[in-house]
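Chemist: no sequence for this one, just the structure:
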């Protein structure tokens, strides 16, 4: 199953059920196919919890190694769930200062006469 998930990371339970029926000739319940795919993803790519822990580490590494960079990691205090992350490196911030100011108006939704 690991090779199948590695080749196709968005493998669905229905596809696993079909493959088990075609290859081995027996049916498995959907929940078992889904758990098999999830276990293979965890083994190959790691768990979601570990990924979010690495995201916190990555944000702190950016602020310590790139002084002047802006990092904002937001999560909901009530549910302790991740909401968004914003990262802007100091070099990118400095490069925006040399851009010429421009104003664009998109007339797609303008109605009537100008």
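Modeler: Noted; the coordinates are in hand. A quick note: this is a predicted structure, and the numbers were derived from the prediction, not measured.

Chemist: what comes up buried for the helix or strand harbouring residue 94?
Modeler: Assigned by DSSP states H and E, residue 94 falls within helix 90-96. Buried residues in helix 90-96, defined by neighbour count with 16 or more other Cβ atoms under 10 Å: none. Any C-beta I mention is one placed from the backbone N, CA and C, and that applies to glycine too.

Chemist: Would you mark the buried spots in the helix or strand bottoming out on mean pLDDT in the chain?
Modeler: Within the chain, no helix or strand scores below helix 2-7, which has a mean of 87 by mean pLDDT, DSSP states H and E. Residues of helix 2-7 classed as buried: residue 5 (neighbour count, 16+ other Cβ under 10 Å).

Chemist: what about the nearest residue to residue 20 once chain neighbours are set aside, how many residues close to it?
Modeler: Leaving aside its sequence neighbours, residue 20 sits nearest to residue 28 (Cβ to Cβ, 6 or more residues apart in numbering; 5.4 Å). The number of residues packed near residue 28 is 14, by other Cβ atoms under 10 Å.

Chemist: Residue 28 reaches residue 14, doesn't it?
Modeler: No: using Cβ atoms under 8 Å, residue 28 is not in contact with residue 14; the gap is 11.2 Å.

Chemist: what's the single longest helix in the protein?
Modeler: When the chain is parsed with DSSP state H, its longest helix is helix 48-65.

Chemist: Give the other helices and strands that the next helix or strand after that one contacts.
Modeler: Going down the chain from helix 48-65, the next helix or strand is strand 70-76, by DSSP H and E. The contact analysis (3 or more Cβ pairs under 8 Å, 6 or more residues apart in numbering; DSSP states H and E) places strand 70-76 against helix 48-65, strand 81-88.

Chemist: Which one, of those, ends up nearest to residue 35?
Modeler: helix 48-65 (15.2 Å; Cβ to Cβ).

Chemist: So which bits of stretch 47-65 are buried?
Modeler: Applying 16+ other Cβ under 10 Å to stretch 47-65 flags 59, 62 as buried.

Chemist: what's the spacing between that stretch and its chain's center?
Modeler: 13 Å (Cα atoms, centre = their mean, to the nearest Å).

Chemist: With that, I have no additional questions.
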